[in-house]
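Visitor: Fold the following for me, if possible:
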Amino acid sequence: MPTSSTDYHMPTLCEIKTTDWLRGIAMPLIGAILNESESLPDAAFDILPLAYQSGEGADRANEIFRRLCEKPYEGDALAPYSYVKPRAAMRYYSISHADAALRYITTYLARQMKALNEKRKIPALTLMQYGEIVSLCLFSYEETKKPQLLALAERWIKIGFDYSSYFNAFPHTEPMRRAMPPEQTARILAGINDMQYSSASEIDVYTQNTLTARGDIAAMGLRASAYRCIISGMKKDSDAAELGYAKLMKHHGAAITFTSDMHLAGREPSRLIWINAACETIRSLLDIVRINPMSASAGDLMDAAERIAVNLLPSAVRDGFVQEAQRVNQISCVYDRRAAYSLDGTAVMYKKISAQIETAAAIAGALSHFASNAWLVADGALILNFPVASVKTSFVGISFAAELETDYPLGCNTKLAITVSSQLRLDLLVRIPGFSRKTRIIRVNGELIEDTHNSYAVISREWHTGDVVEIMFPNELRLEKTGASSASYFAGPVLLALPLTEKQSLSPDGSSMELTSDDKWAYGIRGDSAPTKLGDALYETEAFEVPSWNAKHAIAEAPPHISRRVADAGKAEKIKLVPYGRTMLRVAQFPCLETEKLKRGE
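Guide: Next up, the predicted model:
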């Protein structure tokens, strides 16, 4: 069984076959992006590993990788986001073991070494994104054992931004619209591409605060701390990686993940969640677990990644349109003016994939990362993290395949049919989600499995063809406190929402879509209310009208505090609830009359 350590674990990306649910979201995006143009934008390269593995688009993905890797890396290796193509090549190599992919990565890193030895100035954004470069160094070192690659990783850690100190101190405890003058922030962002330094320690405090408060940079910083820990072995690096997300959620968290419209935006569910930041968050949470899968916090981090993947990302994609940012309580998707440092006023509107390639690629790339980490090989054990793919791999020359049948994510019942080429002694670890750690049922050939380690059930046995693993995680409805005065319903990992009937209005050229609704939405709930299941993914619960909950500029205000007098006076109604991922307009964080049990988080 894997042990808890800070050794670098690059998961063996086995041959996988993703489930219909994941393919239904990712593959239309991937197909549209691959067909959009002959020249693929850099941001879209992250989608290629899933296209290559899934069989759909595999030929095109393989051809793009072949053309990419047939010649050495070209371009400025110190430029922001220069790591995107090498990172995609790293995952391609993990699947294909194509030598050309590894050469492409190492020539990229060699160009970096040359540039640093020439004492070139480094763009500020690159100094904030250095964790991606460190991961490439560690991966390449693992494959080649060349000491200069470790030396390069150590050099980047020395000159890159110290996210460990940032997360341990965490200065951004309030929305940035209150903490920093928008005009100052706008000036910094406008000139950010021209800012270059020898190391992050030279960056002035205003610029540091502006960059670290960007949602995507804060998310990337989580995994940068984990990579630092591999080199340093220091507890502050490990703590920052594992506790950083908890701090982001404490001060800026909504029901799914933290809010950020380019800048951390506070805990109100009316604040925007930037999709790019959410996608980077999935990457970081899974990379932290990949590095140390047996840590005590691994289960909570995977729960958080799963919540984003099964709720936020599906809701941002609809019939060839994607959304750059969204709200948990989203009663309209119309143009709105934001502060000077925020996203464009059209960010919440749904736009054609062709007009929003980078966001579409980020979503597909995050789902690709989610699928690739569904199965993890660590220290000779096979780990099932998310039931979104069947797997085929081998151990000591013996093939092992698990054909997956599941109703995930709307249900939490999974069956694995095992096929091996010969008898095989192997530890199979199955992640137990947080909502079911006391109620899970796992059987092998009818025999109950009770051994656990942290957030995993441990199945240690000799496997034979025909073995069947049954995994049942009862996903009874539960109410969670998700804000200062609000709560949300969940069924397993799925957030439930009140759906609002959409009135769609296309732009004259058909490239964007505004949404409005005439439905009532200002409802509150009681902490002891129990929804009833009406059918497949359809629920009903008691609610009451909250006249004091209003909208401003077509945006729902923060859920108000509810007293018993207000709850008793409100008109009682039954409202329908559906999975968040199936909605475009909705309310998912309701003002709640709390019970003592809810206050205690039970």
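
Visitor: what are the phi and psi values for W274?
Guide: With angles defined as degrees, to the nearest 10, W274 sits at phi -70, psi 120.

Visitor: Check P175 too.
Guide: On the backbone of P175 - angles per degrees, to the nearest 10 - the values are phi -60, psi 140.

Visitor: which residues touch it?
Guide: Applying Cβ atoms under 8 Å, 6 or more residues apart in numbering, we find P175 in contact with 252, 263-266, 271. Where you see a C-beta, it was placed from the backbone N, CA and C, and this is true even at glycine.

Visitor: residue ranges with poor pLDDT in this structure?
Guide: 1-14, 36-39, 54-57, 337-341, 595-602 (pLDDT under 70).

Visitor: Most neighbours out of the contacts of P175, which is it?
Guide: H263 (29 neighbours; other Cβ atoms under 10 Å).

Visitor: That one and A277 touch, don't they?
Guide: No: if you go by Cβ atoms under 8 Å, H263 and A277 don't touch, sitting 10.2 Å apart.

Visitor: Touching both of the two, which residues are there?
Guide: Contact criterion Cβ under 8 Å, 6+ apart; residues shared by H263 and A277: 214-215.

Visitor: hmm, who's touching the helix or strand that contains T210?
Guide: Using DSSP states H and E, T210 falls within helix 205-212. The list of residues contacting helix 205-212 from outside it, by Cβ under 8 Å, 6+ apart, reads 124-125, 128, 161, 166, 171-172, 179-180, 184-185, 188-189, 192, 195, 200, 203, 217-218, 221, 263, 341.

Visitor: swap in stretch 44-61?
Guide: Counting by Cβ under 8 Å, 6+ apart, residues outside stretch 44-61 touching it are 13, 15-18, 23, 26-27, 29-31, 33-34, 62, 64-65, 68, 84-85, 87-88, 91-92, 95-96, 357, 361-362, 364-365, 367-369, 371-372.

Visitor: Any buried residues in that stretch, and which?
Guide: 44-54, 56-57, 60-61 (16 or more other Cβ atoms under 10 Å).

Visitor: What is the end-to-end distance of it?
Guide: Counting by Cα to Cα, to the nearest Å, you get 11 Å between the two ends of stretch 44-61.

Visitor: Grab the nearest non-local neighbour of E15.
Guide: Distances taken as Cβ to Cβ, 6 or more residues apart in numbering put K392 closest to E15, at 4.3 Å, once the chain neighbours are dropped.

Visitor: Make sure that neighbour is indeed in a strand.
Guide: Yes: assessed by DSSP: H, G, I helix; E, B strand; the rest coil, K392 belongs to a strand.

Visitor: Quick check, it in contact with E403.
Guide: No: the pair K392 / E403 is not scored as a contact, 9.1 Å apart, by Cβ under 8 Å.

Visitor: quick one: contacts for the residue lying closest to H553 once chain neighbours are set aside?
Guide: The spatially closest residue to H553, leaving aside those adjacent along the chain, is D336, at 5.8 Å (Cβ to Cβ, 6+ apart). D336 is in contact with 345, 348, 553-555, counting by Cβ under 8 Å, 6+ apart.

Visitor: Apply 10 Å and report the result again.
Guide: Residues in contact with D336 (Cβ atoms under 10 Å, 6 or more residues apart in numbering) are 272, 342, 345-349, 553-555.

Visitor: before we move on, what about D162?
Guide: Contacts of D162 (Cβ under 10 Å, 6+ apart): 168, 200-201, 221, 224-225, 228, 236-237, 240.

Visitor: Name the member of the residues you listed with the most neighbours.
Guide: Highest count within the contacts of D162 by other Cβ under 10 Å belongs to A224, 33 neighbours.

Visitor: Among the contacts of P175, which lie within helices?
Guide: Of those, the ones assigned to helices by DSSP state H are H252.

Visitor: where exactly do the helices run in the stretch 151-300 of the chain?
Guide: 163-169, 176-179, 182-190, 205-212, 215-232, 235-252, 275-291, 298-307 (DSSP state H, counting those that start in this stretch).

Visitor: I'd like the ones you listed written out as CSV, with distance to P579 added.
Guide: Output for the helices of the stretch 151-300 of the chain, formatted as CSV (distance: least, Cβ to Cβ, whole Å):
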stretch, distance to P579
helix 163-169, 32
helix 176-179, 31
helix 182-190, 36
helix 205-212, 34
helix 215-232, 24
helix 235-252, 22
helix 275-291, 17
helix 298-307, 12
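
Visitor: Any idea which of those helices gets closest to E502?
Guide: Closest to E502 of the helices of the stretch 151-300 of the chain is helix 275-291 (Cβ to Cβ; 19.0 Å).

Visitor: between that closest one and helix 215-232, how big is the angle?
Guide: Angle between the axes of helix 275-291 and helix 215-232 is 20 degrees (criterion: axes from the mean of the first three to the mean of the last three Cα atoms, to 10 degrees).

Visitor: picking up where we left off before, state whether the residue nearest to H553 is indeed within a helix.
Guide: No: assessed by three-state DSSP, D336 does not belong to a helix; its assignment is coil.

Visitor: For it, give its distance to T516.
Guide: Note on D336: its distance to T516, by Cβ to Cβ, to the nearest Å, is 12 Å.
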